[in-house]
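Enquirer: okay, predicted coordinates and the sequence, questions at the end:
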Amino acid sequence: MNPINHQLTSVDLVREILGQPRPETTLKVQDQLDEMSIEFIRRSPFLMLATADADGFPDVSPKGDDPGFVAVEDPNTLLIPDRKGNKLLFSLQNILVNPKVAVIFVIPGTEETLRVQGRAVLTSDPEITGRLPARGQAAELAIHVSIEKCFFHCAKAFKRSKLWQAEVWPSRVPVSFGKQIAPRLGGGEELAKQIDEFVEADYIQNL
């Protein structure tokens, strides 16, 4: 089967299949946060940040901390702390060349999510990073997001996936960075073990 044979090339063609949204559905899209949105962000310990590079190629990065780790400056402004990571800087490099970002906020056990779109800038202002502490340390820098669109996403994806139903969760999937990286360095099982031990220690020491 060749998907190109059935390629959809216009919104009208997509609408023929999926239809039009209900008028009341479009009313949920706003240009700033309301009280319910602000409370959701204050209770959220996890988000996914979408960025794109200068060519429009996208990237999505998870960020998490204690609930409320993202500061709501006002209904139009968010401050997202950036903490110690792998130093690849994919999202941050993208923001420097393309400020358009999108964020999905998640609360464990809540099947609705909050989606936010806007434009971002990076700041190392100590007055801002100092207001975004965790585990006794200020944020290394902050992502300042000027909101242009926000809305709550319905629960259907979470209901279909049963994401919060622990009784249907599969067993934990082991991920070994060592097994991935060691062969590329010309090493074997011993090097893989050392890499995995380094990663585990980094989780403890550098959150």
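Expert: Now that the structure is in, tell me what you want to look at. Keep in mind the model is a prediction, meaning the values are calculated, not measured.

Enquirer: domain parsing for the protein?
Expert: 22-161, 170-205 (automatic domain parsing).

Enquirer: could you say which of these is packed most deeply?
Expert: Highest mean neighbour count among the domains of the chain (mean count of other Cβ atoms under 10 Å): domain 22-161, with a mean of 15. The way it works is simple: take the backbone N, C-alpha and C, and place the C-beta from them, glycine included.

Enquirer: from Ile107, how far out is the spatially closest residue to Ala134 that is not a sequence neighbour?
Expert: Nearest in space to Ala134, with sequence neighbours left out and distances taken as Cβ to Cβ, 6 or more residues apart in numbering, is Asp65 at 5.2 Å. Using Cβ to Cβ, to the nearest Å, Asp65 is found at 13 Å from Ile107.

Enquirer: what do these two both touch?
Expert: Residues touching both Asp65 and Ile107 (Cβ atoms under 8 Å, 6 or more residues apart in numbering): Pro45.

Enquirer: how much space separates the closest residue to Leu207 other than its chain neighbours from Lys84?
Expert: Nearest residue to Leu207, sequence neighbours excluded (Cβ to Cβ, 6+ apart): Arg135, at 6.2 Å. Counting by Cβ to Cβ, the gap from Arg135 to Lys84 is 10 Å.

Enquirer: now do the shared contacts for these two.
Expert: Counting by Cβ under 8 Å, 6+ apart, the shared contacts of Arg135 and Lys84 are Leu207.

Enquirer: in the chain, which spans are helices?
Expert: Along the chain, the stretches classed as helices by DSSP state H are 11-18, 23-26, 35-43, 90-97, 126-129, 156-161, 177-181, 189-205.

Enquirer: what is the last one packed up against?
Expert: The reference is to helix 189-205. Under the contact criterion of 3 or more Cβ pairs under 8 Å, 6 or more residues apart in numbering; DSSP states H and E, helix 189-205 touches helix 177-181.

Enquirer: residues making contact with the helix it packs on?
Expert: Leu191, Ala192, Lys193, Gln194, Ile195, Asp196, Val199.

Enquirer: name the helices or strands packed onto the longest strand belonging to the chain?
Expert: If you go by DSSP state E, the chain has its longest strand at strand 141-153. Counting contacts by 3+ Cβ pairs under 8 Å, 6+ apart, strand 141-153 packs against helix 35-43, strand 77-82, helix 90-97, strand 100-106, strand 113-123, helix 126-129.
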